[in-house]
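Student: 3D, please:
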Amino acid sequence: MIGTGDGLRLFAQRVGEGLDTVVIPNRIYLFEDFQGLAQSRTAIFYDPRNRGLSDTVTDEEKLVRGIHHDVDDLEAIRRHYGLDRMAILAHSYIGTAAILFAVAHPHRLSRLVLMGPMPPDPSTEYPAHLRSADGTLEAFYQRFSELRRRAAGLAPGDLCQESWALLRTLYVAAPEDSDRLHWAPCDVPNEVNFMQPFLKYIMPSLSAVRLTSETLAHVTAPVLIIHGRKDRSSPYGGGRDWARLLPNARLLTIDEAAHVPWIEAPETVYGAIDTFLDGAWPPGAEQCR
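Tutor: Numbers count the residues shown, from 1 in each chain. A predicted model of the protein is given here:
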């Protein structure tokens with residue numbers, strides 16, 4: 001348990017003894033699939049505040065800054081382990097926290113991997129060829145609304161299980177791959193109860209982030225964006241925008257994948273991350289100008 005600057009504790013798990021270190025937020029979801037990165041380096045997985053096995057937060061003052069608390073907590077992790085520089089691997093909305101960390105502490109970041117990140121401007125409406133427009137997202141919203149209407153009659157654990165059954169289908173491009181994603185931490189209170197604080201604090205803070213090319217010019221570390229072309233949660237156009245705006249970034253497109261591209265193209269994704277963390281751009285990573 002690692003202390004934060006405002007008195008909370010984050011649950012962290014350190015694996016491997018390599019000279020280079022990669023920090024991976026959202027341990028509870030990513031440890032099983034990414035612990036292999038520790039074979040040739042040190043990997044530090046941790047649960048963000050109010051998530052996983054980190055402290056449950058009831059003080060609004062320790063939640064109200066949303067994603068900006070996550071930026072501070074990345075720095076708390078770095079300080080605790082005495083890391084002069086570190087790589088970060090971030091998935092989904094936590095990618096915004098990693099970018100904000102890179103802006104605030106450019107000399108502390110060696111490399112950054114973003115998988116399925118939210119767009120630089122979350123309000124951007126992308127054309128059909130830069131987002132998944134296959135009707136899956138609309139069907140998800142309909143089914144999720146129906147589930148919410150039944151929520152009062154369900155036990156919290158049952159509601160969690162049914163919610164994740166829907167989310168897993170949304171996160172993969174092919175429905176038959178949803179069972180390969182073993183996400184449903186319904187025995188962890190922070191995860192069962194996460195949706196309300198996420199909607200109240202995290203989402204508004206993400207919507208308020210506006211990062212210009214001038215601000216992002218401070219991020220000089222290499223950045224690899226891995227994005228599924230069929231991502232419904234974070235539109236593919238956002239990955240292209242990050243690759244275009246960041247001064248030293250490249251985009252690896254996974255054509256037949258959605259929000260969790262390592263599930264649908266494991267050899268390509270794991271190989272690309274290893275190559276990148278070892279110091280080179282992986283095959284297929286393109287500049288977007």
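
Student: quick one: Val64 and Pro204 touch, right?
Tutor: No. With contacts counted by CB atoms under 8 Å, Val64 stays clear of Pro204, the gap being 9.7 Å. In short, each C-beta sits where N, CA and C put it, glycine included.

Student: and for stretch 23-31, what are the contacting residues?
Tutor: Contacts with stretch 23-31, where a contact means CB atoms under 8 Å, 6 or more residues apart in numbering, come from 11-13, 34, 37, 43-48, 51-53, 70, 74, 77-78, 83, 86-91, 94, 97-98, 183, 185, 188, 191.

Student: need the CA coordinates for that stretch. PDB is fine.
Tutor: Presented in PDB, the C-alpha positions along stretch 23-31 are these (Å, rounded to 0.1, in the frame of the first residue of the first chain):
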ATOM      1  CA  VAL A  23       4.300   1.500 -14.600                       C
ATOM      2  CA  ILE A  24       0.800   0.100 -15.500                       C
ATOM      3  CA  PRO A  25      -2.300   1.600 -13.900                       C
ATOM      4  CA  ASN A  26      -5.500  -0.500 -13.400                       C
ATOM      5  CA  ARG A  27      -3.700  -3.500 -12.000                       C
ATOM      6  CA  ILE A  28      -7.000  -5.300 -11.300                       C
ATOM      7  CA  TYR A  29      -7.800  -5.500 -15.000                       C
ATOM      8  CA  LEU A  30      -4.300  -5.600 -16.700                       C
ATOM      9  CA  PHE A  31      -2.000  -7.700 -14.400                       C
END
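
Student: of all the residues in it, which ones are buried?
Tutor: Residues of stretch 23-31 classed as buried: 23-31 (neighbour count, 16 or more other CB atoms under 10 Å).

Student: so for stretch 128-143, mean pLDDT?
Tutor: For stretch 128-143, the mean pLDDT works out to 87.

Student: CA atoms only for it, dumped as PDB, please.
Tutor: This file holds the C-alpha atoms of stretch 128-143, laid out as PDB (Å, rounded to 0.1, in the frame of the first residue of the first chain):
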ATOM      1  CA  ALA A 128     -17.800   7.000 -39.900                       C
ATOM      2  CA  HIS A 129     -14.400   5.900 -41.200                       C
ATOM      3  CA  LEU A 130     -12.800   7.100 -38.000                       C
ATOM      4  CA  ARG A 131     -15.200   5.500 -35.600                       C
ATOM      5  CA  SER A 132     -17.100   2.200 -35.400                       C
ATOM      6  CA  ALA A 133     -20.500   2.700 -36.900                       C
ATOM      7  CA  ASP A 134     -21.800  -0.900 -36.900                       C
ATOM      8  CA  GLY A 135     -24.700  -0.300 -34.600                       C
ATOM      9  CA  THR A 136     -23.100  -2.200 -31.700                       C
ATOM     10  CA  LEU A 137     -22.800   0.900 -29.500                       C
ATOM     11  CA  GLU A 138     -26.400   1.800 -30.000                       C
ATOM     12  CA  ALA A 139     -27.600  -1.700 -29.200                       C
ATOM     13  CA  PHE A 140     -25.400  -1.600 -26.000                       C
ATOM     14  CA  TYR A 141     -27.000   1.600 -24.800                       C
ATOM     15  CA  GLN A 142     -30.500   0.200 -25.400                       C
ATOM     16  CA  ARG A 143     -29.700  -3.000 -23.500                       C
END
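
Student: sorry, back to before: now the buried members of the contacts of stretch 23-31.
Tutor: Among the contacts of stretch 23-31, the ones that count as buried (16+ other CB under 10 Å) are 11-12, 34, 37, 43-48, 51-53, 70, 74, 77-78, 83, 86-91, 94, 97-98, 183, 185, 191.
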